[in-house]
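Colleague: predicted model and sequence below, questions to follow.
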Amino acid sequence: MPALRTRSAYAAVLATAALTAAGLAQPAPAPAAAVDAAASGDRPAVIEVRTIGQSVKGRPIRAWRLGEPGKRPIVLVSTMHGNEPHTRRILETLRDGRPVRGIDLWVIPTYNPDGLARGTRRNARGVDLNRNFPHLWKDLDGNYESGPRPASEPETRAVMAFLEEVDPRRVISFHQPLHGVDTDTKDAGFARRLARALRLPRTSLDCGGLCHGTMTMWFNHRFHGSALTVEYGGRPSRHRMAVQAPRQLLGAIGAHRTRRG
């Protein structure tokens, strides 16, 4: 049975302090509860926006809340690798379109803004953020450089703190270019339904034996909810990312747009 996340804030503080003293972790970022003062402007779907942290170079990492609060949320994450930029259009389309109903939804379109700016897989310190999470972390080098220690990167700590706070029912992490939905995960039934909805093949993503310290592994180990990975191809069309996939995704998670007035 996977370990479940500890709900005691005091215990979490003690654990973080102990790790920091031992040189195994850096202090966690400020809580993700701070709400941006900026209004959503011309984004009628947005009901809340938070800057949950900053990248190594100081670029903001933002989470946008859509839908209807009151239900256990779903979190969508994209652009963990800066050279996989296309799937963020799915999340940006959801954010920038008509209001969403039937779900409490958070979207993080750009997890790795420094990597996106540089067009590189890794962050500004050369760390693969999807090998930097604490669960089954391993010291990896090269393209999968995992950092000097678990959760060494500010981007990782920001997303960890945010997920700890909102405790989502599901996390869907969008990547490229392997073209498939990972069904070897905690909720294989939902993964199969999602693959059908997105018109993607079912697959098992084992990272070529290098699945250490990934975000979905960490989440599935620590939380009651489930996380899975969706991979599109290397060059999905703009129409698929901005029109088809957002509509397909909403249907798969039980949500819908409001009708035009």
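Modeller: Ah, there it is. Numbers count the residues shown, from 1 in each chain.
Colleague: quick one, what contacts the residue nearest in space to the middle of the chain?
Modeller: Central residue of the chain (C-alpha atoms, centre = their mean): residue 77, 3.0 Å from the mean position. Applying C-beta atoms under 8 Å, 6 or more residues apart in numbering to residue 77 gives the contacts 108, 111, 159, 171-174, 215. Every residue, glycine included, has its C-beta placed from N, CA and C.
Colleague: so where's this structure shaky on pLDDT?
Modeller: Applying pLDDT under 70 to the chain flags the ranges 1-41, 261.
Colleague: if we use 50, what do you get?
Modeller: By pLDDT under 50, the weakly predicted segments of the chain are 1-34, 37-39.
Colleague: for it, which segments are assigned as strands?
Modeller: Using DSSP state E, the strands of the chain run over residues 46-54, 60-67, 74-77, 100-101, 104-108, 170-175, 180-182, 202-203, 226-231, 256-257.
Colleague: what's the closest residue to residue 135 other than its chain neighbours in contact with, if anything?
Modeller: In this structure, residue 135 finds its nearest non-sequential neighbour in residue 218, 4.1 Å apart by C-beta to C-beta, 6 or more residues apart in numbering. By C-beta under 8 Å, 6+ apart, residue 218 lies in contact with 133-135, 160.
Colleague: between the residues you listed, which has the most around it?
Modeller: Most neighbours among the contacts of residue 218, by other C-beta atoms under 10 Å: residue 133, with 26 neighbours.
Colleague: what is the burial count for residue 111?
Modeller: 29.
Colleague: from residue 154, how far off is it?
Modeller: For residue 111, the distance to residue 154 equals 12 Å [C-beta to C-beta, to the nearest Å].
Colleague: tell me what the residue nearest to the centre of the chain is bridged to.
Modeller: residue 108, residue 173 (DSSP bridges).
Colleague: residue 69 now?
Modeller: Under the criterion DSSP bridges, residue 69 forms beta bridges with residue 71.
Colleague: got it, and residue 101?
Modeller: Where residue 101 sits in a bridge, its partners, by DSSP bridges, are residue 256.
Colleague: please shift the residue numbers so they start at 12 in all later answers.
Modeller: Okay, residue one is now 12; in that scheme the one you just asked about reads as residue 112.
Colleague: and it, what does it touch?
Modeller: Residue 112 touches 78-79, 266-269, counting by C-beta under 8 Å, 6+ apart.
Colleague: the same query, at a cut-off of 7 Å, please.
Modeller: Residue 112 makes contact with 78-79, 266-267, 269 under the criterion C-beta atoms under 7 Å, 6 or more residues apart in numbering.
Colleague: for residue 181, same thing?
Modeller: Contacts of residue 181 (C-beta under 7 Å, 6+ apart): 85, 236-237.
Colleague: residue 111 versus the closest residue to it other than its chain neighbours, what's the distance?
Modeller: Nearest non-adjacent residue to residue 181, counting by C-beta to C-beta, 6+ apart: residue 85, 4.7 Å away. To residue 111, residue 85 is 11 Å away according to C-beta to C-beta.
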